[in-house]
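Peer 1: Just the structure for this:
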Amino acid sequence: MRPNLDRQWQEEKSTLLQEKESLQQSLQEKEDEWKETQSSLNARLEGLESQVTRKERRSNWFKKLLPCIYSSTLKK
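Peer 2: Predicted coordinates:
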């Protein structure tokens, strides 16, 4: 009876170790995926922030050039 229990234990142990390795591999893949997604989103965010900054600079050039005219039209 004892050898049968040892064999069952070894099989169970082997199954659990395989499952553990599988889960670790899945976790590593998900972490890599997340890092790639995070990097991509950060790059897109930087690009959008850059576009906003350029648009703000472009839309304000005339305010600096003609401040008295611009401020008088705002007051009306």
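
Peer 1: mind checking which helix or strand the residue nearest in space to the middle of the chain is in?
Peer 2: The centroid of the chain falls nearest to residue 38 when counting by CA atoms, centre = their mean (2.0 Å). In the assignment (DSSP states H and E), residue 38 maps to helix 2-65.

Peer 1: what about this protein, any weak spots by pLDDT?
Peer 2: Applying pLDDT under 70 to the chain picks out residues 1, 59-76.

Peer 1: repeat that with 50
Peer 2: 76 (pLDDT under 50).

Peer 1: Now do the buried residues in stretch 11-30.
Peer 2: By 16 or more other CB atoms under 10 Å, stretch 11-30 has no buried positions at all. Where C-beta positions appear, they are placed from N, C-alpha and C, glycine not excepted.

Peer 1: For it, C-alpha coordinates in CSV please.
Peer 2: Output in CSV follows, covering the C-alpha atoms of stretch 11-30 (Å, rounded to 0.1, in the frame of the first residue of the first chain):
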residue,chain,number,x,y,z
GLU,A,11,2.2,12.4,-9.5
GLU,A,12,0.5,15.1,-7.5
LYS,A,13,3.7,16.9,-6.9
SER,A,14,4.7,16.7,-10.5
THR,A,15,1.3,18.1,-11.6
LEU,A,16,1.5,20.9,-9.1
LEU,A,17,5.1,21.8,-10.3
GLN,A,18,4.0,21.9,-13.9
GLU,A,19,1.0,24.1,-13.0
LYS,A,20,3.3,26.4,-11.0
GLU,A,21,5.7,26.7,-14.0
SER,A,22,2.8,27.4,-16.3
LEU,A,23,1.4,30.1,-14.1
GLN,A,24,4.8,31.7,-13.7
GLN,A,25,5.2,31.8,-17.5
SER,A,26,1.7,33.3,-17.9
LEU,A,27,2.5,35.9,-15.3
GLN,A,28,5.8,36.8,-17.1
GLU,A,29,3.9,37.1,-20.4
LYS,A,30,1.3,39.4,-18.9
